[in-house]
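**Student:** Generate a structure from the sequence data that follows.
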Amino acid sequence: MTELTKIIPISTATRVVSGVLQEPCIADTLQRPLRDLRISVTDRCNLRCTYCMPREMFGKDHEFLPRAELLNFEEIARLAKLFVALGVQKIRLTGGEPLLRRNLEQLVAMLARLHTPAGKPVEITLTTNGVLLAQQAQALKDAGLARLSISLDGLSDETFRRMSDSEVPVKTVLDGIAAAQRAGFEQIKINIVVKRGVNDHEIIAMAAHFRNSDIVLRFIEYMDVGSTNGWRMDDVVPAREILEQLAGRYLLHQLAANYPGEVAERWCYADGGGEIGVIASITRAFCQTCTRARLSTDGKLYTCLFATSGLDLRGPLRAGVSEPALTALIAERWQQRNDRYSQLRQAATQAEAIVTPGQKRIEMSYIGG
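**Tutor:** Predicted coordinates for the structure are as follows:
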C-alpha cells in the first residue's frame, strides 16, 4: 500500500501561477480532469421509473443493501475530502432517491464545509424526484445545499404515473418545487427523460409550464443505463427532434456553456422567457469532456455511468488504511480511466453493430444518474 502513495503526492498536484494557488488537477488517459463527484446515498427509491428501476426487476422481492453496507455520513465526508484534494470542485448527492436517507441535511452540512486546496468552497448539489422535497427543502437549504435538480417526466397525472409506475400525483412534485423556491433556492433545474410514445407529447406543455419561472428545464434523451430497462433505440427521441418541436412554438437562441464539460446544450427564449437545455447523451455523446466520478452507496468508485465494475473504497477505509494511501488508490484508478462508452455505442449504432458486451452494466439506481 505504501507504494501507492508515490503515484500522486498532493504537494505536487497544485501549482502557483502569478502568486495564485491553482486547483489540483489529475487527468485520465484521455486527459480529462477529475472535477465532479456524484455520491449515491441510498439504493432505494419511492418511485419505479421504467427507465431506472423497472418494477419487474425492483419489486417487493428485490433485496436492497443492508444498512451496515452503506457508507455512513462520516465515511462519505472522509472520502469526499480526498476527492476534493485531487481536484473535485462539485459534489452531487444522488440515489436511488436521496431524500429517503434519514437526516440527509446533516451530510449536506458536513460536505458544505469542504474547500478546495485553493480555498474555494465546494459546490454541493442534489438530484431528487421531488416526492419528499416539500418537507425537506428548507432544512437542505439551511444546511448549505447550493442547487437542486428535480426529475419530472410529465405534467399530467396519467403521463407521470406511466413514467414513474407509481400512484404519486404530479402535484406532490410541483409542491416540492414550490417549497424549494420558497426556501430560497435560486438555481433549480427540472429534468425530463423523454421516451417516444410515452411522454414526448408533453414536450411543449412542459416548456410552457416552466417558462418565466426562473427554472431551467432540461430534456434528456432516454439512455441505455444498466441492463434492466429494456432500452431500444426506437424509444429515443433525439435532441434534434425535441428542439424542432420547441422551435415550432418558440424562437430560441443558443447559449454558450457555463463551464467546460457541461453536459447540457443551452438555449434561451428570444423573448426573455428563460432557459432550456437538451442532454443528447445518445445522439451527440460527450464522453470526451466527462469529468465525473461516482461513489456508490456501499463505497465503490465508478468512473463511468455505464460501468460494469467499481473499485472498493469502503473496505480499505474501514480497515484503517491511511488517507494518503486511499488518495493514491483513487488517483491511480482515475489516471487509468479510459471510459468512453457512449461514444463507442454511438459509433456502433450508426454502423448497426452490436453495441454492448455480455457483461451487465451497473444499474443507475445503484450509482446515481
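**Student:** How about the secondary structure of I91?
**Tutor:** strand (DSSP: H, G, I helix; E, B strand; the rest coil).
**Student:** State the distance from it to I220.
**Tutor:** 21 Å (C-beta to C-beta, to the nearest Å). C-beta: built from backbone N, CA, C; applies to glycine.
**Student:** repeat for I367
**Tutor:** Taken as C-beta to C-beta, the span from I367 to I220 is 17 Å.
**Student:** Neighbour count for these two, which is higher?
**Tutor:** I367 (29 against 24; other C-beta atoms under 10 Å).
**Student:** The more buried one contacts T303, doesn't it?
**Tutor:** No - contact criterion C-beta atoms under 8 Å: I367 and T303 do not qualify, at 10.5 Å.
**Student:** anything in contact with each of these two?
**Tutor:** Residues touching both I367 and T303 (C-beta atoms under 8 Å, 6 or more residues apart in numbering): R294.
**Student:** How many residues are close by P169?
**Tutor:** 12.
**Student:** Could you check the pLDDT of it?
**Tutor:** In this model, P169 is scored at 96, pLDDT.
**Student:** M233 now?
**Tutor:** 81.
**Student:** got it, and T308?
**Tutor:** So, for T308, pLDDT stands at 82.
**Student:** That one falls within a strand, correct?
**Tutor:** No - going by three-state DSSP, the assignment for T308 is coil, not a strand.
**Student:** and it, how many neighbours?
**Tutor:** Neighbours around T308, by other C-beta under 10 Å: 15.
**Student:** what do you get for S149?
**Tutor:** Neighbours of S149 under the rule other C-beta under 10 Å: 19.
**Student:** Mind listing the residues bridging to it?
**Tutor:** With DSSP bridges applied, S149 shows beta-bridge pairing to T127, K189.
**Student:** residues touching it, list them.
**Tutor:** Neighbours of S149 in contact, by C-beta under 8 Å, 6+ apart: 92, 125-128, 188-191.
**Student:** Let me know the closest of the residues you listed to R314.
**Tutor:** Using C-beta to C-beta, the shortest approach to R314 within these belongs to R92, at 19.6 Å.
**Student:** Okay, the closest one and M110: tell me how far apart.
**Tutor:** Look at R92 and M110: by C-beta to C-beta, they are 15 Å apart.
**Student:** cool, and S164?
**Tutor:** 31 Å.
**Student:** quick one: which of the two has more around it?
**Tutor:** More crowded of S164 and M110, by other C-beta under 10 Å: S164, with 25 against 19.
**Student:** Using just helix, strand and coil, how would you label the nearest residue to the more buried one once chain neighbours are set aside?
**Tutor:** Distance criterion C-beta to C-beta, 6 or more residues apart in numbering; nearest residue to S164, sequence neighbours excluded, is L47 at 4.3 Å. Per three-state DSSP, the local secondary structure of L47 is coil.
**Student:** Give me the distance between L47 and V193.
**Tutor:** From L47 to V193 the distance is 12 Å (C-beta to C-beta).
**Student:** just D234 next, same as before
**Tutor:** Where V193 is concerned, D234 sits at a distance of 16 Å (C-beta to C-beta).
**Student:** Compare these two and say which one has the larger neighbour count.
**Tutor:** Ranked by neighbour count (other C-beta under 10 Å), D234 and V193 place V193 first, with 23 against 7.
**Student:** OK, contacts around the more buried one?
**Tutor:** 49, 51, 151, 153, 163, 199, 220-223.
**Student:** give me that answer again for 10 Å
**Tutor:** Counting by C-beta atoms under 10 Å, 6 or more residues apart in numbering, V193 touches 49-52, 151-153, 163, 199, 218-223, 237, 279, 369.
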